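Participant: please work out how this folds:
(one chain, ligands or ions: 2)
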Amino acid sequence: MSSAGRSPSTETSIAAPWQRAALGANLLSPDGELGVTIFEEMTTLAISTGAINLGQGFPDEDGPAEIKAAAQDAIAAGANQYAPGKGIPALREAVAAHQQRFYGLAPHPDTEILITTGATEAIAATLLALVQPGDEVLTFEPFYDSYGAIIGMAGARHVTAPLLAPDFLPDLAALEDAFSNRTKVVLLNNPHNPTGAVFPEHVLAKIVELAAKYGAVIVSDEVYEHLTFGVPHIPITSLPGAAERTITISSAGKTFSFTGWKIGWLSGPEHLVAAVRTVKQFLTYSSGTPFQSAIAVGLALPDEFYTGIAQTLRHKRDILAEGLRAAGFGVYNPRGTYFINVDTAPLGIRDSVDLARRLPGLVGVAAIPVPVFCHPEGAERTRSLLRFAFCKKIDVLEEAAARLATLKDRL
Ligand code: PMP
Ligand code: GLN
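Facilitator: Ligands and ions are numbered 1, 2, ... in the order given. Alright, predicted model coming up:
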């Protein structure tokens, strides 16, 4: 339709200016124009060029057959109408049993657990429930893209504390400086996307200490909780003084390789979960009834399943890391998640955003530039960093490594 034919209302913007700026912050358009996320952009580019997609983090193999069969059975049995707003009882009970089995925690399935439409909705509902315009939300930087967008949509101020190469842990003095009396929420992601850092106990303890000092709620996005390599995952809520102020978020997408099902959950003290539940009702009300049943089956899988996924991924990490090193990148070996960060500077590349746009055409591999997970200052610090996903079949990773080995001759 020509613009002359549009009614004035279709010309108006979808959001207030501060919301548009936040929505744009993680898009490649520097001026906050409306657009697609970096994941959407790079996957679209990978498809149109036929490149191997090591950009958007999704596995190229489905999760366990018994979980798929459980979803099919649930559909056949008629579990096809709205689930209760807080999630079906079987899944809430399965989440509680999982927290007990792995971490010795005992959230009450009726009042302290909420099933969500992926971790994405859990993050959105939590921030919208807890944060007022003018409040500050503190995240580490680089930060997962939806954090900046939702903090902006809530009208809050997004304050960051940097994670520094090579181990991508925070400087604790800088973290302390980033807290203020206006800090309403400290939102962490552990294990951390995009850097692959796994926070050790002393870092988590400092976060708890500072959150208590400033009266902040801790929101901990632990979607990669089972994807760590030789280091334990410590839920921050298990630390002394944390439980009463912590909401923990997770997702079936990562643990079970069903990212398209969008089943997530959160747990925390009753008063915080009640606040989030109230908001969540008006975002999606509920979702994925038969998938909820199936994920309840998944959460009950034996310990070997959980150790197996970490072992398999560790092997894949090592294959891709070796290939990236051989291609001439500086490699930061991750201790968790399914992402590896590389420094492109040894290849003479200064701008990973530009490289990410050219890489599919140059060698047939797609990746994600790290600066898009940052505000301008952090983007400068991470300007030559690029993230590769290794949740792909081994032969795909080997082929990607072979293609990347030719990069230095094509620049
Ligand atoms: N948090 C982090 C750190 C992620 O990497 C992702 C991407 N999977 C999400 C949240 C969103 O999870 P979901 O797909 O369950 O919405
Ligand atoms: N979490 C995935 C990643 O980091 C992407 C999810 C999405 O596309 N929103 O690659």
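Participant: near ligand 1, which residues of the stretch 51-200 of the chain?
Facilitator: Gly118, Ala119, Thr120, Tyr144, Asn189, Asn193 (CB under 6 Å from any ligand atom). Heads up, the C-betas are built off the backbone N, CA and C, glycines and all.
Participant: identify the single longest helix in the protein, thanks.
Facilitator: With DSSP state H applied, the helix covering the greatest number of residues in the chain is identified as helix 303-326.
Participant: show residues contacting whichever helix or strand comes after it.
Facilitator: Sequence-wise, the next helix or strand beyond helix 303-326 is strand 330-332, with elements assigned using DSSP states H and E. The contact list for strand 330-332 (CB atoms under 8 Å, 6 or more residues apart in numbering) reads 165-166, 168, 195-196, 321, 324-325, 340-343, 345-346.
Participant: mind redoing it with 10 Å?
Facilitator: When contacts are defined by CB atoms under 10 Å, 6 or more residues apart in numbering, strand 330-332 is touched by residues 165-168, 195-197, 320-325, 339-347, 384-385, 387-388.
Participant: related to what we said a few turns ago, flag every buried residue along the longest helix of the chain.
Facilitator: Within helix 303-326, the residues scored as buried using 16 or more other CB atoms under 10 Å are 305-306, 309-310, 313-314, 316-317, 319-321, 323-324.
Participant: what's the closest of these to Ile47?
Facilitator: Out of the buried residues of helix 303-326, the one with the shortest distance to Ile47 is Leu320. That distance is 20.9 Å, counting by CB to CB.
Participant: neighbours of the closest residue to that closest one other than its chain neighbours, how many?
Facilitator: Setting aside the residues directly before and after it, Leu320 is nearest to Phe390 in space (CB to CB, 6 or more residues apart in numbering), at 4.3 Å. Applying other CB atoms under 10 Å, we find 28 other residues in the vicinity of Phe390.
Participant: so Phe390 touches Val342, yeah?
Facilitator: No: taking contact to mean CB atoms under 10 Å, the distance of 11.7 Å between Phe390 and Val342 leaves them out of contact.
Participant: and for the two, which residues touch both?
Facilitator: Among the neighbours of Phe390, those also in contact with Val342 (CB under 10 Å, 6+ apart) are Leu320, Ala321, Leu324.
Participant: ok, Arg182 - contacts?
Facilitator: With CB under 10 Å, 6+ apart, Arg182 has these contacts: Gly134, Asp135, Glu136, Val137, Leu138, Ala156, Arg157, Val159, Tyr214, Ala216.
Participant: please enumerate the strands of the stretch 1-150 of the chain.
Facilitator: Counting by DSSP state E, counting those that start in this stretch, the stretch 1-150 of the chain forms strands over residues 52-53, 113-117, 136-141, given from the N-terminal end onward.
Participant: got a list of what the one residue in the stretch 151-300 of the chain that gets nearest to ligand 2 touches?
Facilitator: Distances between the stretch 151-300 of the chain and ligand 2 by CB to the nearest ligand atom are smallest at Asn193, namely 5.1 Å. Residues in contact with Asn193 (CB under 10 Å, 6+ apart) are 57, 142-145, 221, 223-224, 254, 334, 336-339, 368, 373, 387, 389.
Participant: that one belongs to a strand?
Facilitator: No: residue assignment for Asn193, taken from DSSP: H, G, I helix; E, B strand; the rest coil, gives coil, which places it outside any strand.
Participant: run through this protein and note the low-pLDDT ranges.
Facilitator: 1-15, 20, 24-34 (pLDDT under 70).
Participant: which residues of it lie near ligand 2?
Facilitator: Going by CB under 6 Å from any ligand atom, the residues of the chain near ligand 2 are Thr37, Phe39, Gln56, Gly57, Asn193.
Participant: wait, the second one sits on Ala356?
Facilitator: No: the pair formed by Phe39 and Ala356 falls short of the contact definition of CB under 10 Å, at 11.6 Å.
Participant: overlap of the contact sets of the two?
Facilitator: With contacts defined as CB under 10 Å, 6+ apart, the residues shared by Phe39 and Ala356 are Gly55, Ile368, Val372.
Participant: mind listing the residues bridging to the second one?
Facilitator: When you say that, I think you mean Ile368. Judged by DSSP bridges, the bridge partners of Ile368 are Arg387.
Participant: ok, it - how many residues close by?
Facilitator: By the criterion of other CB under 10 Å, Ile368 has 29 neighbours.
Participant: list the contacts of it.
Facilitator: Contacts of Ile368 were listed using CB under 10 Å, 6+ apart, and they are 38-39, 41-43, 54-57, 145, 193-194, 339, 341, 352-353, 356, 385-389.
Participant: the same query, at a cut-off of 7 Å, please.
Facilitator: Ile38, Met42, Gly55, Pro194, Ala356, Arg387 (CB atoms under 7 Å, 6 or more residues apart in numbering).
Participant: can you show me the helices along the stretch 51-200 of the chain?
Facilitator: For the stretch 51-200 of the chain, the helices defined by DSSP state H, counting those that start in this stretch cover 65-76, 89-103, 118-130, 145-153, 172-178.
Participant: mind putting those helices into TSV with distance to Pro109 and mean neighbour count?
Facilitator: Listed next are the helices of the stretch 51-200 of the chain as TSV, based on distance: least, CB to CB, whole Å; neighbours: other CB atoms under 10 Å:
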stretch	distance to Pro109	mean neighbour count
helix 65-76	19	15
helix 89-103	4	19
helix 118-130	16	24
helix 145-153	26	23
helix 172-178	34	15
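Participant: Trp265: which of those is closest?
Facilitator: Of those, the one closest to Trp265 (CB to CB) turns out to be helix 89-103, at 5.1 Å.
Participant: against which helices or strands is that closest one packed?
Facilitator: Using 3 or more CB pairs under 7 Å, 6 or more residues apart in numbering; DSSP states H and E as the contact criterion, the neighbours of helix 89-103 among helices and strands are strand 113-117, strand 263-267, helix 289-299.
Participant: now do the longest one against helix 65-76, angle only.
Facilitator: The reference is to helix 289-299. 150 degrees (axes from the mean of the first three to the mean of the last three CA atoms, to 10 degrees).
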